[in-house]
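K.L.:
let's see this in three dimensions:
(one chain, ligands or ions: 2)
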Amino acid sequence: MERIGIYGGTFNPPHMGHIRAAEYAVSALGLSRLLVIPSCISPHKQLPKGSASGQQRLEMLKLAFANSPGIEVSDLELRRGDVSYTWQTVESLHQQHPQAELLLFMGTDMFLSFDTWKNPERILHQASLAVFYRGEPREQAAILEKKRFFEEQGAKIYLVENPVTEVSSTDLRRMLIFRCAGPFLHPAVAEYIQANGLYGTLENYQNLPVAELETVVTGLLKENRVRHVLGCSHTAVELARLYGADPVDARRAGLLHDITKALDGPFQLTLCREYGITLDDFSRQNPKTLHALTGSLVAHRIFGENPAVVSAIESHTTGKANMNTLEKIIYVADYMEPNRDFEGVAQLRKLAFTDLDKALEHGLRMTLQMLESQGRQISENSREALRFLEQQRK
Ligand code: FE
Ligand code: FE
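P.N.:
Numbering: from 1, shown residues only. Ligands and ions are numbered 1, 2, ... in the order given. Just a heads-up that it's a prediction; the model follows:
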């Protein structure tokens, strides 16, 4: 019996993760062919502003899969228009290929919420499900339970362990703005995006007026980070006025300090590689602190910020010896801005507005204590920052 795979999604944009997963599926499931079907309007997610059109996503997919045997890109859902419901797609493919076994691809999240889709029983009646999972034990129990539940109703479910590392499309779009998405894209797709100026790739972000900078930055952050960044930025301005630093630099550094924070570890490392930065062992093993370095690189290269702003961003997580006033301000503002809530934050706030050095020292000590209690590695920069402040006091 012919086995046809159905791989739907928004593909905004299609990336190497999609290509590898699709190629793997063809061989792992012994498919005669795989249909890659971009949705017209997804019932699951709204496409962000500035996204590629349906036609553009289709064209990019054709480029991405041009050299993948057995994989075809289909405009079925785009031609149908409107919201793309999977049951309709499955039904029309079943009519076209009544003898074939249809295998509908999905990730774990989609599988676990499959009951909430439109007409799931109609889908299961005409297609089997191929669930790509990551093999995390906690997830596995839930997946197996769901699988049993559907199978009791006569459905056929295949579990496929996915060896391909997942690429988040949101992060990928950030990487496009940071001009570092190359390694995650098929070269022809990368060229297409560039040639059509998709995803903000042709926009100039250098030296934006501060209000515009704020709009761009908040659009690139995760929702929960926006408040923190605005809080940090406003606090930095207050501290700059108090301690005689440039309030505009303070505002810009506050806005940009966590610009790469949302990116996963692998993206952080790619960013460094693409910008030609060699990392020390500490940074490689602690990609969470790496966002200070990558943020400063992006601030410099993409946003054209001045050296004072760039270096304040670079030192905002670990600190360093002999910090200048703006660097201290960003470190401290990040720690105690109004949205921060932890034991001792009130004391730190009070210190920040009375003695900047003491506030910095206090922040450094709190971080070191926390890292030590968690048995985590401590940056040499933080130790040096503290040593410097102690010596200065003597
Ligand atoms: Fe940060
Ligand atoms: Fe921060």
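K.L.:
hey, let's count contacts and neighbours off CA atoms from now on
P.N.:
OK.
K.L.:
what's the domain layout of this protein?
P.N.:
3-166, 204-393 (automatic domain parsing).
K.L.:
is it possible to export the ones you listed to a markdown table including mean neighbour count and mean pLDDT?
P.N.:
Below are these laid out as a markdown table (neighbours: other C-alpha atoms under 10 Å; pLDDT from 0 to 100):
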| stretch | mean neighbour count | mean pLDDT |
| --- | --- | --- |
| domain 3-166 | 17 | 89 |
| domain 204-393 | 19 | 94 |
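K.L.:
okay, stretch 346-364 in CSV with CA atoms only?
P.N.:
What follows is stretch 346-364, C-alpha atoms only, in CSV (Å, rounded to 0.1, in the frame of the first residue of the first chain):
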residue,chain,number,x,y,z
ALA,A,346,14.0,46.9,48.9
GLN,A,347,17.4,47.3,50.5
LEU,A,348,19.2,47.2,47.1
ARG,A,349,16.8,49.9,45.8
LYS,A,350,17.6,52.1,48.7
LEU,A,351,21.3,51.7,48.3
ALA,A,352,21.1,52.3,44.5
PHE,A,353,19.8,55.8,45.1
THR,A,354,22.2,56.6,47.9
ASP,A,355,25.5,54.9,47.0
LEU,A,356,26.0,53.4,43.6
ASP,A,357,29.2,51.5,44.5
LYS,A,358,27.7,50.0,47.6
ALA,A,359,24.6,48.9,45.5
LEU,A,360,26.9,47.3,42.9
GLU,A,361,28.9,45.5,45.6
HIS,A,362,25.7,44.3,47.2
GLY,A,363,24.4,43.0,43.9
LEU,A,364,27.6,41.2,43.1
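K.L.:
contacts for it?
P.N.:
For stretch 346-364, contacts defined as C-alpha atoms under 8 Å, 6 or more residues apart in numbering pick out 239, 242, 318-319, 328-329, 331-332, 335-337, 382, 385-386, 389.
K.L.:
closest one to Ile193 among the domains of the chain?
P.N.:
domain 3-166 (8.3 Å; C-alpha to C-alpha).
K.L.:
so who does Pro183 touch?
P.N.:
So, once contact is read as C-alpha under 8 Å, 6+ apart, Pro183 ends up touching Thr270.
K.L.:
give the helix, strand or coil label for it.
P.N.:
Under the three-state scheme (DSSP: H, G, I helix; E, B strand; the rest coil), Pro183 adopts helix.
K.L.:
quick one: it and Pro209, what's the gap?
P.N.:
Using C-alpha to C-alpha, to the nearest Å, we find Pro183 at a distance of 31 Å from Pro209.
K.L.:
before we move on, what about Leu230?
P.N.:
Applying C-alpha to C-alpha to Leu230 and Pro209 gives a distance of 16 Å.
K.L.:
what's the answer for Met175, then?
P.N.:
For Met175 relative to Pro209 (C-alpha to C-alpha), the value is 22 Å.
K.L.:
for the chain, what's the longest helix?
P.N.:
helix 223-243 (DSSP state H).
K.L.:
just checking, what packs against it?
P.N.:
Applying 3 or more C-alpha pairs under 8 Å, 6 or more residues apart in numbering; DSSP states H and E, we find helix 223-243 packed against helix 247-256, helix 325-336.
K.L.:
and the next helix or strand past the shortest one?
P.N.:
Along the chain past helix 247-256, the next helix or strand (assigned with DSSP states H and E) turns out to be helix 265-274.
K.L.:
check which helices and strands that following helix is in contact with.
P.N.:
Short answer (3+ C-alpha pairs under 8 Å, 6+ apart): helix 265-274 packs on helix 169-177, helix 290-301.
K.L.:
redo the ones you listed as JSON lines? Include distance to Ser51.
P.N.:
Listed next are these as JSON lines, based on distance: least, C-alpha to C-alpha, whole Å:
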{"stretch": "helix 169-177", "distance to Ser51": "9"}
{"stretch": "helix 290-301", "distance to Ser51": "22"}
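K.L.:
that older thread, what residues does the longest helix of the chain touch?
P.N.:
Outside helix 223-243, the residues that reach it (C-alpha under 8 Å, 6+ apart) are 218, 245-248, 250-258, 325-326, 329-330, 333-334, 336-340, 352-353.
K.L.:
at 6 Å what do you get?
P.N.:
Under the contact criterion C-alpha atoms under 6 Å, 6 or more residues apart in numbering, helix 223-243 has outside partners 218, 247, 250-251, 254-255, 329, 333-334, 337.
K.L.:
using CSV, list the CA coordinates for that helix.
P.N.:
The C-alpha coordinates for helix 223-243 follow below in CSV (Å, rounded to 0.1, in the frame of the first residue of the first chain):
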residue,chain,number,x,y,z
GLU,A,223,6.1,39.6,26.3
ASN,A,224,7.2,38.9,29.8
ARG,A,225,10.5,40.6,29.2
VAL,A,226,9.1,43.9,27.9
ARG,A,227,8.2,45.2,31.3
HIS,A,228,11.5,44.3,32.8
VAL,A,229,13.4,46.1,30.0
LEU,A,230,11.3,49.2,30.2
GLY,A,231,11.7,49.2,34.0
CYS,A,232,15.4,48.8,33.7
SER,A,233,15.6,51.6,31.1
HIS,A,234,13.6,54.1,33.2
THR,A,235,15.5,53.3,36.3
ALA,A,236,18.8,53.7,34.5
VAL,A,237,17.7,57.2,33.4
GLU,A,238,16.9,58.1,37.0
LEU,A,239,20.3,56.8,38.2
ALA,A,240,22.1,58.6,35.3
ARG,A,241,20.6,61.9,36.3
LEU,A,242,21.6,61.3,39.9
TYR,A,243,25.2,60.2,39.3
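K.L.:
ok, Glu161 touching Tyr133?
P.N.:
Yes - Glu161 lies in contact with Tyr133 (C-alpha atoms under 6 Å); the separation is 5.2 Å.
K.L.:
what lies in contact with the strand or helix carrying Thr215?
P.N.:
Thr215 is located in helix 210-220, with elements delineated by DSSP H and E. Outside helix 210-220, the residues that touch it by C-alpha under 6 Å, 6+ apart are Val226.
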